[in-house]
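# A structural model of the following input is requested.
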Amino acid sequence: MKVTIAELPQKLPGPASEKWPGGERFALALAHGSMSVELYAPTGGDPQTPHSQDELYFIQSGTGSLVIKGDRYPFEAGACFFVVASMEHRFEDFSADFSTWVVFWGPEGGEPAA
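Here you go, the predicted model:
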């Protein structure tokens, strides 16, 4: 399986919904078993809510802050973040060119800490 960053923005915005009235701001890139990889590129604000799986964010472009359970982490392209399942988090103060790869995996509720 292979996907490139150039392919995914063409899929945005996705279908409109109550949560995403202007269309979804994520595009599925790859999926296998419990793992999925998406490109996430919100505009204006970040309406996401906690996810049921553990996740990794690999910042592709832009700058801003990721707020995880009230703690603020500045980012720029090349940064990587881990967010455990069900943890409150959101992107704030991000630039217009912000996009990030998101990798979800594992069981609902996340994996136990080692």
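# what about the nearest residue to Leu28 once chain neighbours are set aside, how many residues close to it?
Nearest residue to Leu28, sequence neighbours excluded (CB to CB, 6 or more residues apart in numbering): Glu38, at 5.5 Å. The C-beta positions use only the backbone N, C-alpha and C, and glycine is treated the same way. Neighbourhood size, Glu38 [other CB atoms under 10 Å]: 21.
# Let me know the helix or strand that Glu38 is in.
Glu38 belongs to strand 35-40 when assigned by DSSP states H and E.
# Let's test this: mean pLDDT of that strand, rounded?
The average pLDDT for strand 35-40 rounds to 96.
# contacting residues for Glu38?
26-29, 101-102, 104 (CB atoms under 8 Å, 6 or more residues apart in numbering).
# List the beta-bridge partners for the residue nearest to Leu28.
Leu28, Val102 (DSSP bridges).
# could you measure it against Pro112, distance?
24 Å (CB to CB, to the nearest Å).
# for the closest residue to Phe58 other than its chain neighbours, what are its contacts?
Spatial nearest neighbour of Phe58, excluding adjacent residues (CB to CB, 6+ apart): Trp101 at 4.3 Å. Shown in contact with Trp101 (CB under 8 Å, 6+ apart): 29, 37-40, 57-58, 60.
# And the furthest pair within those residues?
Ala29 and Tyr57 (13.6 Å; CB to CB).
# how much space between Leu66 and Ala96?
Distance, Leu66 to Ala96, by CB to CB: 17 Å.
# what are the pairing partners of the helix or strand encompassing Ile59, and which direction each?
Assigned by DSSP H and E, Ile59 belongs to strand 54-61. Applying DSSP bridges, strand 54-61 is found paired with strand 80-83 (antiparallel), strand 99-105 (antiparallel).
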